[in-house]
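Enquirer: Sequence below, structure please.
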Amino acid sequence: MRLAWILLLAAPLLTGADQTPGRGPLQLSLKRAVEIATSPEGSAKIQLSGESLKQAQSRSAQSRAALLPDLSAAWSMQNRTTNLAAMGFKFTLPIPGFTFPTFVGPYNTMDARVSASQTVFDFASIRRFQASKVGISAAKSDLDAAGEQVAAQVARAYLAAVRASADVDTGRANVTLSEATLTQAQNQKDAGTGTGIEITRAKVQLANDRQRLLVAQNALRGASLQVLRAVGLRLDTELELTDMLQYVPVDEVTLEQAKAQAMKRPDYQAQQNRESNARLSASATKLERLPTVSAMGDYGPTGSGFDNAGPTRAYGIAVRVPIFDGGRRDERRIESESQYRAEKVRTNDLKEQIELDVRLALDSLRSAQDQVGVAKDGLELADNELTQARRRYEAGVTNSLEVTDAQTRLERARDNQTDALYNYNVARIDLAQAMGKVRSLVQ
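Expert: This next block holds a predicted model:
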């Protein structure tokens, strides 16, 4: 049975968010790092996706408002003068010496009124409301997809930091081994069985290992900063990673199983919802050609004041039949249909990309499994070779050059093992992201 290697998640979680001086470094596991980054106040990508969801919900409420009653109230009080002649009124009375005034006023008018209107028949507005609800579903899927992307980003940054930490541990082990080799060379010379060149060779090896250790320590600091940035913590936080590069047996997944799971990815669901939204929007544009029916009414007192006001009212039904609008409606229809076709192309393209992601991730995972097995065997052989070379050197059968060569191969084998474990865990993250299961992987 093939051995598969993944991260062995450590149990410790954050003991507290207070980062006051004197409390030591922040202990952070991969699980906790993903939880912090994918929280509503975590990564900027999550926050932006959350705001997009709120905007989609607001747009849906606006679309629904077109189907609900519109109720308003108004009150007005005016003091007016009127020129009747300017309005076309002419009065002639057969009374000598009397002329009807053409300028009237000032006089008061008061009107208090409640008005209501209701859309009775408007298929275009109904279809737009349906499209807006699909838009909410797309925004929710986008938020879920953002969570997967952020989780994958944090996981890769965490793995890079764990690898850098392993490189530091390997560097320290190499320095310790070089110091032991130098001590052995000095002892051999003191015993009269060694030479000065062997001591010089051991010192050169020790200097090289110390140089590589410094490089590894600097890489670890940089990788830790990347983890803090990905999680959304302060960059001056002292960090201690609690997880290690480990392995456990896992069940293999077939290509068909992986593809079936990948079709449930939130970004694919979001794209399908966007396609449905474009289809409904295009249909709404077509339905604008149909007549619309609305009802209206108002009621309220009118007069020169409240003391002599009398109730008045009006109600009715309005039918609107679109005939010609200069071609704007036809152009909107053509544009919306083009947008629908574009979304269909994007959906198909994403589907093919998902299959490619799954195939590449599976191939990388199988290759990484083989690499880990080979690296493990190589490390055991290199360790045995160094042990035998040091024994031969102590017995005076060979010189220190054989020990130095064996030591170099052991250091390379250690690096190979770290690289193989890192590559495998990255392949696991890639496959989980291709299948939309990154967050469940790190639980």
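Enquirer: Which residue lies nearest the spatial centre of this structure?
Expert: Ala146 (2.1 Å; CA atoms, centre = their mean).
Enquirer: doesn't Ile46 make contact with that residue?
Expert: Yes - if you go by CB atoms under 8 Å, Ala146 and Ile46 touch, sitting 5.6 Å apart. Yep, even glycine has a C-beta here, placed from its N, CA and C like the rest.
Enquirer: helices and strands around the helix or strand harbouring Ala145, which ones?
Expert: Using DSSP states H and E, Ala145 sits within helix 123-190. Counting contacts by 3 or more CB pairs under 8 Å, 6 or more residues apart in numbering; DSSP states H and E, helix 123-190 packs against helix 30-37, helix 44-65, helix 196-231, strand 239-241, helix 266-287, helix 328-394, helix 400-435, helix 438-441.
Enquirer: which of those sits most buried?
Expert: Ranked by mean neighbour count under mean count of other CB atoms under 10 Å, those are led by helix 30-37, which reaches a mean of 23.
Enquirer: Would you mind getting the angle between it and helix 123-190?
Expert: 140 degrees (axes from the mean of the first three to the mean of the last three CA atoms, to 10 degrees).
Enquirer: ok, the closest residue to Glu385 other than its chain neighbours - contacts?
Expert: Of all residues not flanking Glu385 in the chain, Ala406 sits nearest, at 4.7 Å (CB to CB, 6 or more residues apart in numbering). By CB atoms under 8 Å, 6 or more residues apart in numbering, the residues touching Ala406 are Ala382, Glu385, Leu386, Gln388, Ala389, Arg390.
Enquirer: just curious, which of those is nearest to Ala166?
Expert: Ala382 (16.7 Å; CB to CB).
Enquirer: From Val374, how far off is the closest one?
Expert: Ala382 sits 12 Å away from Val374 when distances are taken as CB to CB, to the nearest Å.
Enquirer: Just the pLDDT for the residue nearest to Leu410 when sequence neighbours are not counted.
Expert: Leaving aside its chain neighbours, Leu410 sits nearest to Ala382 (4.2 Å; criterion: CB to CB, 6+ apart). Ala382 carries a pLDDT value of 91.
Enquirer: Confirm for me that Ala382 is in contact with Thr408.
Expert: No - counting by CB under 8 Å, Ala382 sits too far from Thr408 to count as a contact (9.3 Å).
Enquirer: and the gap between Gln186 and Thr408?
Expert: 20 Å.
Enquirer: One more: Val154?
Expert: Taking CB to CB, one finds Val154 at 36 Å from Thr408.
Enquirer: and what of Ala66?
Expert: 76 Å.
Enquirer: again with Ala138
Expert: Per CB to CB, Ala138 is found 56 Å from Thr408.
Enquirer: cool, Gly222 as well?
Expert: Gly222 is 26 Å from Thr408, where distance means CB to CB.
Enquirer: do the same with Leu441
Expert: 37 Å.
Enquirer: got the contact list for the residue nearest to the centre of the chain?
Expert: Ser43, Lys45, Ile46, Leu48, Ser49.
Enquirer: now Leu360
Expert: Contacts of Leu360 (CB under 8 Å, 6+ apart): Asp430, Ala434.
Enquirer: try Arg113
Expert: Arg113 neighbours (CB under 8 Å, 6+ apart): Ala73, Ala74, Trp75, Asp298, Tyr299, Gly300, Thr302.
Enquirer: isn't there a strand covering Gly300?
Expert: Yes - the assignment for Gly300 by DSSP: H, G, I helix; E, B strand; the rest coil puts it in a strand.
Enquirer: That one pairs with what?
Expert: Thr312 (DSSP bridges).
Enquirer: hang on, it packs against Ala112?
Expert: Yes - counting by CB under 8 Å, Gly300 does reach Ala112; the two are 4.7 Å apart.
Enquirer: how close does Leu339 get to Ala278?
Expert: One thing to correct before we go on: residue 339 is Gln, not Leu. From Gln339 to Ala278 the distance is 5 Å (CB to CB).
Enquirer: and if you look at Arg390?
Expert: Arg390 is 71 Å from Ala278, by CB to CB.
Enquirer: The top strand by length along the chain: partners in the sheet, and parallel or antiparallel?
Expert: Ordering each strand of the chain by length in residues (DSSP state E) puts strand 103-121 first. When pairing is defined by DSSP bridges, strand 103-121 lines up against strand 70-83 (antiparallel), strand 292-303 (antiparallel).
Enquirer: As CSV, those strands with mean neighbour count and mean pLDDT would be great.
Expert: What follows is these, written out as CSV (neighbours: other CB atoms under 10 Å; pLDDT from 0 to 100):
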stretch, mean neighbour count, mean pLDDT
strand 70-83, 11, 92
strand 292-303, 15, 93
